[in-house]
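Trainee: Provide a 3D model corresponding to the input given below.
(2 chains)
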Amino acid sequence: MFINRGILQIENQLVKVTQFNYNTIFDTVEAYPSVGAADTLMLTIFNNTSTNQSIFFEHTNSAKEVNPKSFAKVAVWKMPGKRTVPFYSANKTQKYLGLSSAIIFNNSNEKAFFWNLREYDESINQQYFEGANLNFSNYIPDVFTINSKVHTIYKANQMAMVLGNVGDSIYIDILNSGLMFHSVHFHGYHVKIIESNKSNEMIGWDKDSFPIDPGELISVLLVPHQPGLYPVHDHNLKAVTIGGNYPGGMIAMLKIEP
Amino acid sequence: MRVIISILFILAAANCFAQKVYYELDMKMDGTHKLYTDEITNIWGFSFRAKEGEIPLTLPSPTLTATEGDTVVVMVVNPSNEGHTIHWHGLDVDQANDGVPHTSQYVLHGDTFTYRFIAPHAGNYIYHCHVTTTLHLMMGMYGSFIVYPKQGNNFLYENGPSYEKDYAFLGSELDKSWTDDFKEGGALNEFSPTHFLLNGLEKNQLFDDSTQIIQLEKGKRVGLRLLNIGFSIHRYTFPSDVTALVYTSDGRKLPKPFLVNTLELYPGERYGIILSSSKNVTDYIEVDYLDMYNKAQQSRNYIGINSENFPLLSSEKLFEPKPFISPNPASDFIRLNELPSNNVMIYDSKGKLVDEVSPQINIDVSRLKSGLYFLWVDGQKLPFVKS
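Mentor: Numbering: from 1, shown residues only, chains lettered A, B, ... in the order given. Below is the predicted model of the structure:
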C-alpha cells in the first residue's frame, strides 16, 4: 500500500489530497484491504510523500512511523467480535487530507461493501499545499465524497454501489473519515447496526437513519426484503450537494435484484 | 383441507382489519408562515385538497396517520410551477413509490400521481419532497406520518406500552434569507439556519399554542414522538422529575427500552418515548439545536410540561438560555443580562470573527451589516440578527 499525494477532480473542483493507494502512482481509488476472517494481513506501507507519516492502527492501539520515501511493515489481525480495523494518520491534518481507511475482515462467501465518507473544504486543502497552517475555524466543506468519488446529477457513484439480491446478507462497513458529523439514511430498507469502533448504544437496533461521528466506523447488515434501486444518503442535506448543487456528494446506491 | 380452510379464514379475518387510508394532497409553493418575530416568510408544502376553495399551507404540512397494515393511498396534485415528489421516509416502500426523481418519478406541474403502499410497522415516520431536497425540504415540504398499532391509538406499538395521550414534535430549521427570496443557483451547501423550529413554532410560539404543552399528570403516562427533519442535531434534555423511557426508534421496537436524561436526534431520526412522573410537574424540556460541524449550540427551544394548570412562566426571559441577549433582532446595541467575564466575540454566519470587545453589558452592533451573527459570551454561542 502506498501513501500518495495527488489531486481529486470532483466535477469542476480540484481537491489536493493525500491518500492510501494500491499503486505507487497516485490514483483516485483508495485502498481498503479486504482479508479473510481467519487471516493475518502482512501490510507494507510505502510513503511516497515528503512528510513523516505516523499511521495509527486500532487493533494494536499504536502508531507505525513511516519516513519519507521509505516503508514500514505491520501485521494486522482480526480483533475479536470486530469486522474491521480502522487505520489513519495520527496527525489531524494528514487525516483530514485523506489518510484514513480500514481493513475489512470477512468470510469469502459474504457480500461486503465499504463506504469511506469524507468531506473537504477545497480552499483549506489548497492552503495546506501552499504551505499554510490549516485553520478550520472557517470550515465550510463543499465536496462530500464516498470512496473519493461523488454522485452527480449525471452519474451515480460507481464506487459506492451496493449490488445484491433479495434475501442476501449484505454487510456495509461505513467509516466517517471527515471532521463533520453525518446522518446516514437508507431508502427502501432498515438495516441492523452490528458493530462500531466507538461506544455506540445502537448496536442491535434496526434503523433507517443513524448518526456516524467523526472517526467512527459503523458496520450494518442489510437483508433486502424487496428488489429495487434505492439511494442511501447523508440526511444532513448540505452533504448531498457538489459545489453547492443538488444532487451530489454523499449519495450511494443500492441495486437489489429479485 | 381443514388446515387450509383455517388458514384462509385467518387470512380473511386479518384482511378485514386492514383498511384503506386515502388522502388527497396539493403540492404548493405559495404559502406564508409567521415567525416568532412576527415576520412573515414564504413556505412551500403540502395541504389537504379542498373540495371547494383552497386550504392554505401550514408549516409543517399536515400530519398523516394510518394503522399498521393499512393500505395507504395518497393522490397528489401539483398546481405549482416546479416538479415535486413525496418520499415516505422510513416506510420502506417499493421503488415506484419511493419519491426519488431519478429512480421513481417526478410529479410535474399540472400532473397528478397516486402513491400506494402498506403501512408496515407502527411508529413515527416523515414524508417530504425529494426534488432538490436541500431546498424543497428547507422551504417546508415535509410533515409527520404516524402509524398506530391495530391495538389502538394509545399504544406505541402492538402489545407495547400504552399512554393517555401522545404528542409529536417534528423539529426543523429555516434560513429566512432563503424563504424570503431564494436565488436560483445559490450554493446549497451554505444553508445557514436563522430559525429553529418544533412543529413550525419557535420560542414563545410554543407556549402560545396550548396543543404544544404536554399535560403530564402524576402517575399517568404520555407518549412522546420525536422526529428530526432538519439539518442540525436536536438534543432533548428532560426535567429531573420526569422519567423518559425510550421504546422505539425509526419505526422499530428497540431490543431493550432505556431511560434517558438527554437524547440526541440526528437528521432523519425518530424516537418513541413514554414520559411519566411520580408527581405533578410544571417544567420544561430543553431542545438544543447543534450544528453538524462541531456540535456547537445554535439555538434552544423549550417544550412546556404542565400538569398543575399553573400558568407557564410568563416572562419570556425565563425561557432564554443564560446568558441571554436582547433585543434580538438588534439595530444598534445588544444588551447582555450580566457582565461577561471575558472578551465578547462577534462571528458572522460563515464563522468569521468580525469584532471583539472588552467585557461590557452593551455591545455596539451598529456597524455590522444586516444578517445573522453569533455572539460568543463566556463559552456560549448566542445567535442574533442584525436588522
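
Trainee: the helices in the stretch 151-300 of chain B, which residues?
Mentor: Applying DSSP state H, counting those that start in this stretch to the stretch 151-300 of chain B gives helices spanning B:176-181, B:205-208.

Trainee: what do you get for chain A?
Mentor: Under the criterion DSSP state H, chain A contains helices at A:92-96, A:122-129.

Trainee: Turn the ones you listed into TSV, including mean pLDDT and mean neighbour count.
Mentor: For glycine as for every other residue, the C-beta is placed from the backbone atoms N, C-alpha and C. Formatted as TSV, those follow (pLDDT from 0 to 100; neighbours: other C-beta atoms under 10 Å in any protein chain shown):
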stretch	mean pLDDT	mean neighbour count
helix A:92-96	94	19
helix A:122-129	88	16
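
Trainee: so which of the helices of the stretch 151-300 of chain B gets nearest B:Leu25?
Mentor: helix B:176-181 (20.7 Å; C-beta to C-beta).

Trainee: measure A:Ile3 to chain B for me?
Mentor: Using C-beta to the nearest C-beta, to the nearest Å, one obtains 27 Å as the distance from A:Ile3 to chain B.

Trainee: any low-confidence regions in the stretch 151-300 of chain B?
Mentor: Counting by pLDDT under 70, the stretch 151-300 of chain B contains low-confidence residues at B:184-186.

Trainee: pretty sure B:Asn280 contacts B:Gly219?
Mentor: No - judged on C-beta atoms under 8 Å, B:Asn280 makes no contact with B:Gly219 at a distance of 9.4 Å.

Trainee: okay, the two: which has more neighbours?
Mentor: With neighbours defined as other C-beta atoms under 10 Å in any protein chain shown, B:Asn280 and B:Gly219 compare such that B:Asn280 has more, 17 against 10.

Trainee: Nearest residue to the more buried one in space, please, no chain neighbours.
Mentor: In this structure, B:Asn280 finds its nearest non-sequential neighbour in B:Ser307, 4.2 Å apart by C-beta to C-beta, 6 or more residues apart in numbering or on different chains.

Trainee: which residues does the one you found contact?
Mentor: Shown in contact with B:Ser307 (C-beta atoms under 8 Å, 6 or more residues apart in numbering or on different chains): B:Gln215, B:Leu216, B:Glu217, B:Lys218, B:Ser277, B:Asn280, B:Val281, B:Thr282.

Trainee: B:Val222 too?
Mentor: Counting by C-beta under 8 Å, 6+ apart, B:Val222 makes contact with B:Tyr163, B:Glu164, B:Lys165, B:Asp166, B:Tyr167, B:Ile214, B:Gln215, B:Leu216, B:Ile274, B:Leu275, B:Ser276.

Trainee: Quick check: the farthest pair among the residues you listed?
Mentor: B:Gln215 and B:Ile274 (14.6 Å).

Trainee: okay, those two: which has more neighbours?
Mentor: The residue with more neighbours, out of B:Gln215 and B:Ile274, is B:Ile274; 21 against 16, by other C-beta under 10 Å.

Trainee: Would you mind measuring from the more buried one to B:Glu164?
Mentor: Look at B:Ile274 and B:Glu164: by C-beta to C-beta, to the nearest Å, they are 10 Å apart.

Trainee: Now do the shared contacts for those two.
Mentor: By C-beta under 8 Å, 6+ apart, the residues touching both B:Ile274 and B:Glu164 are B:Arg221, B:Val222.

Trainee: show me what contacts residue 32?
Mentor: No chain was given, so I picked chain A. Contacts of A:Tyr32 (C-beta under 8 Å, 6+ apart): A:Phe20, A:Ser101, A:Ala102, A:Ile103, A:Ile104, A:Phe114, A:Asn116.

Trainee: was after chain B, sorry
Mentor: Contacts for B:Thr32 (C-beta under 8 Å, 6+ apart) come out as B:Ile40, B:Thr41, B:Asn42, B:Ile43, B:Leu57.

Trainee: Check A:Asn48 too.
Mentor: A:Phe2, A:Ile3, A:Asn4, A:Arg5, A:Thr24, A:Lys69.

Trainee: ranking the contacts of B:Ser307 by neighbours, who comes first?
Mentor: Neighbour counts for the contacts of B:Ser307, by other C-beta under 10 Å, peak at B:Leu216, which reaches 27 neighbours.

Trainee: circling back to that earlier point, for the contacts of B:Val222, which one is nearest chain A?
Mentor: For these, the minimum distance to chain A (C-beta to the nearest C-beta) is 17.6 Å, reached by B:Ile274.

Trainee: My read is that that closest one contacts B:Lys220, right?
Mentor: No - counting by C-beta under 8 Å, B:Ile274 does not reach B:Lys220; the two are 10.5 Å apart.
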